[in-house]
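Asks: All I have is the shape, not the residue letters:
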């Protein structure tokens, strides 16, 4: 698996100057080192298919961990679900793995699954900024993987813009 830090640094837990500067600058959070280590161990033992995948970022919001990845040709959704279950057991928190994309609707569909996304509205605010409103059916509110505010915060961090989830 391709990761932003050196393999040796992650495996040993001792960071070289380059890796330490990435952690110090905030590009890589310190908890991500443990996540990367678990992913590399899984690649060596259970999931050889992870070799062609790329890890971009882990976002932690309350008790939810979201991994942004891009899949290799041999990784399927079912294999990612198994990886997420192993990570959940080892980290003791809920884990969602989503494909990195610049499309907000695509990210929302992956993150909010099994709840369906009715649509994504773009709201232009008076100060010139943009806010996205993701619409979810009221009947599917209970299917959301976490609280709507937690999911809003996660999507906002993923796309560096304001995101609201509206249940209608």
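Replies: Looks like it came in fine. Here the structure is a predicted model, which means the values were calculated and not measured.
Asks: tell me the pLDDT at the nearest residue to residue 90 once chain neighbours are set aside?
Replies: Nearest in space to residue 90, with sequence neighbours left out and distances taken as C-beta to C-beta, 6 or more residues apart in numbering, is residue 38 at 5.5 Å. Backbone N, C-alpha and C define where each C-beta goes, glycine included. Per-residue pLDDT puts residue 38 at 87.
Asks: Next up, the contacts around residue 38.
Replies: Residue 38 is in contact with 86, 87, 90, 91, counting by C-beta atoms under 8 Å, 6 or more residues apart in numbering.
Asks: Strands of this protein, residue ranges please.
Replies: With DSSP state E, the ranges of strands along the chain come out as 54-61, 64-70, 94-99, 117-124, 130-136, 162-167.
Asks: Redo these as JSON lines? Include distance to residue 19 and mean neighbour count.
Replies: Rendered in JSON lines, the data for the strands of the chain read as follows (distance: least, C-beta to C-beta, whole Å; neighbours: other C-beta atoms under 10 Å):
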{"stretch": "strand 54-61", "distance to residue 19": "14", "mean neighbour count": "18"}
{"stretch": "strand 64-70", "distance to residue 19": "19", "mean neighbour count": "20"}
{"stretch": "strand 94-99", "distance to residue 19": "23", "mean neighbour count": "19"}
{"stretch": "strand 117-124", "distance to residue 19": "36", "mean neighbour count": "13"}
{"stretch": "strand 130-136", "distance to residue 19": "34", "mean neighbour count": "17"}
{"stretch": "strand 162-167", "distance to residue 19": "31", "mean neighbour count": "17"}
